[in-house]
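# Model the structure of this input:
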Amino acid sequence: MPIKTFSSAVFGIEAKTITIEVNITSGTRYYIVGLPDTAVRESLLRIESAICNSGYRMPRQKILVNMAPADIRKEGSSFDLAIAVAILCASEQIDATLISQYMILGELSLDGTIQTVKGALPVSIQARMEGFKGLIVPALNAREAAIVNDIDVLGVQTLAEVLDFFKGMGNIQPTVVDTREEFYSNISNYPTDFSDVKGQENIKRALEIAAAGGHNAILIGPPGSGKTMLAKRLPSILPPLNLQEALETTKIHSVAGKLAAADSLMTARPFRSPHHTISDVALVGGGASPQPGEISLSHNGVLFLDELPEFKRSVLEVMRQPLEERRVTVSRARLSVDYPASFMLIASMNPCPCGFYNHPEKDCTCPPGAVQKYLSKVSGPLLDRIDLHVEVTPVNFTDLASEHRSESSADIRARVIKARELQSKRFSGSKEVYCNAQMSSKEVRQVCRINDAGQILLKKAMEKLGLSARAYDRILKVSRTIADLADSEEIRIEHLAEAIHYRSLDRDGWAG
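Numbering: from 1, shown residues only. Below you'll find the predicted structure:
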């Protein structure tokens, strides 16, 4: 009689239950069916060694392992433990009474120890949804899976420990995590602070606007002017994650295997800074076995692209759709998976190859046309999707040597949170829009109304700078955010003028 155990596979950021059936009959060979990949096919060799080294015997008969549903490809080594338990139940070495109540996940080493797996959190969510009493996972994944309430999460280290539990000889204590307490106790812990930054008050103002409205920004300035230092401190002024955002962000990092063993719930907004040699697949996600890319790992946080023109053109262009849609769809012949990608893009770049174009003290040594050629590495359509173009100038000695302590991140964050609360009320009827940067063109027309003086100013700016329709919308969104920071119901002309100021790369003659 076939024995059934239950495991799970992750597709995108969602888990699907896999039923593992084992039947032992007369014969001498082992078979595994149900569209297994190489790692799954090799599992029987690992399982045989683990069973023998745990004090049990591998049946010397025909063993047929079926993984249902059979039309979904099974990938990875996380099914090892469930298959091993099913084989030992089918050979009547352990009792099968309890196994249907638990979902089992884990990779086996040859000596029977259990290695960590990816995606324990979405598997735990799925197990609770399907009414399982508990989830058996590697000990290093236990805290991650225990975020989910109303299910017993049993962290185990060896195959023998699992088998003793099913035989009633062992007592594994469920891992318990107080999700809310852990979330609220770590919600404002940031390793960096804006008070560390000397001078650069205009850049801090621009980043405050970006944080308040969820806008993308690009910092243009010479080497050593503080672009990277400022960008790394941006998460410290963003509104704290709410519990739902924290769970969603943790889920993505769980699937990608990016959570440390000590972590259970991500409480700080992610900050990802990939190197400019990154491939387009690594950035947006995908591959033969689809995995989330850097833009999905930045979900609900910040993606920082340092030295933007050094990235390959193809890499930058694949970001255009995710910047608009806030999600990535990876399609393959047999499946299609969606990864969320609602992130703030912060980029930095030198103004020219030598780095000193428009520098107040040093001369640019680039030949004629080099500046324009350098800037053209970043396409116009991508720049159109960046709301704020901010010029960063070097910090002078007086500011560097000053003992005056700059405004802290907590003070700036308080203003940002207040502005976001206004936006939350404004868009309370929409499920897709949470901040000004996410407004559609229709919503921009409704929300970002300007008076006659503002219309004249914006018309002159459009004609002078040759702005696109998308840039027109961006200016209105940014001006709405500036008005929110000023607690103004109307967009005044000074708000509009400041928003136009943040279109540096559109200015006629900026690059010669």
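# What are the structural domain limits within this protein?
3-177, 185-506 (automatic domain parsing).
# what about the helices in the stretch 101-250 of the chain?
120-129, 142-145, 159-166, 179-185, 201-213, 227-232, 243-255 (DSSP state H, counting those that start in this stretch).
# Tell me which other helices or strands the first one touches.
Based on contacts counted as 3 or more Cβ pairs under 8 Å, 6 or more residues apart in numbering; DSSP states H and E, the elements that helix 120-129 packs against are strand 3-11, strand 14-25, strand 102-104, strand 134-138, helix 142-145, helix 243-255. C-beta: built from backbone N, CA, C; applies to glycine.
# Burial-wise, tell me which of the helices of the stretch 101-250 of the chain comes out on top.
Mean neighbour count (mean count of other Cβ atoms under 10 Å) peaks for helix 142-145 among the helices of the stretch 101-250 of the chain, with a mean of 26.
# that older thread, can you tell which of the helices of the stretch 101-250 of the chain is closest to Val378?
helix 227-232 (15.0 Å; Cβ to Cβ).
# and the closest one, what other elements does it pack with?
Helices and strands touching helix 227-232, by 3+ Cβ pairs under 8 Å, 6+ apart, are helix 201-213, strand 217-220, strand 302-305, strand 344-349.
# With just CA atoms, put the longest one into CSV.
Which is helix 201-213. Extracted in CSV, the C-alpha atoms of helix 201-213 (Å, rounded to 0.1, in the frame of the first residue of the first chain):
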residue,chain,number,x,y,z
GLU,A,201,21.5,70.5,2.9
ASN,A,202,20.0,70.9,-0.6
ILE,A,203,20.7,67.2,-1.4
LYS,A,204,19.1,66.2,1.9
ARG,A,205,16.1,68.2,1.0
ALA,A,206,15.8,66.5,-2.4
LEU,A,207,16.0,63.0,-0.8
GLU,A,208,13.4,64.1,1.8
ILE,A,209,11.1,64.9,-1.1
ALA,A,210,11.9,61.6,-2.8
ALA,A,211,11.1,59.7,0.4
ALA,A,212,7.9,61.6,1.1
GLY,A,213,6.5,60.8,-2.3
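# so can I have a markdown table of the domains of the chain showing mean pLDDT?
Shown next, in a markdown table, are the domains of the chain (pLDDT from 0 to 100):
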| stretch | mean pLDDT |
| --- | --- |
| domain 3-177 | 92 |
| domain 185-506 | 86 |
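# Relative to Phe304, tell me which of the helices of the stretch 101-250 of the chain wins on proximity.
Nearest to Phe304, of the helices of the stretch 101-250 of the chain and by Cβ to Cβ, is helix 227-232 at 4.9 Å.
# now that closest one: how far from the chain's centre is it?
19 Å (Cα atoms, centre = their mean, to the nearest Å).
# before we move on, what about stretch 206-215?
19 Å.
# Equivalent analysis for stretch 363-375, please.
That offset, for stretch 363-375, works out to 36 Å (Cα atoms, centre = their mean).
# For it, buried residues please.
If you call a residue buried by 16 or more other Cβ atoms under 10 Å, then stretch 363-375 has these buried ones: Cys364, Cys366, Ala370, Val371, Tyr374, Leu375.
# hang on, Ser479 is in a helix, isn't it?
Yes - secondary structure of Ser479 (DSSP: H, G, I helix; E, B strand; the rest coil): part of a helix.
# Quick check: it vs Lys204, distance?
Remark: distance between Ser479 and Lys204 (Cβ to Cβ, to the nearest Å) = 19 Å.
# nearest to Val433, of the helices of the stretch 101-250 of the chain?
helix 201-213 (11.6 Å).
# From the centroid of the protein, which residue is nearest?
Nearest residue to the geometric centre of the chain (Cα atoms, centre = their mean): Leu297, 2.1 Å.
# What separation is there between it and Lys227?
In terms of Cβ to Cβ, Leu297 sits 22 Å off from Lys227.
# do Ala206 as well
12 Å.
# So in terms of bridging, what pairs with the closest residue to Tyr102 other than its chain neighbours?
In this structure, Tyr102 finds its nearest non-sequential neighbour in Gly134, 4.8 Å apart by Cβ to Cβ, 6 or more residues apart in numbering. For Gly134, the beta-bridge partners are Tyr102, Asp152 (DSSP bridges).
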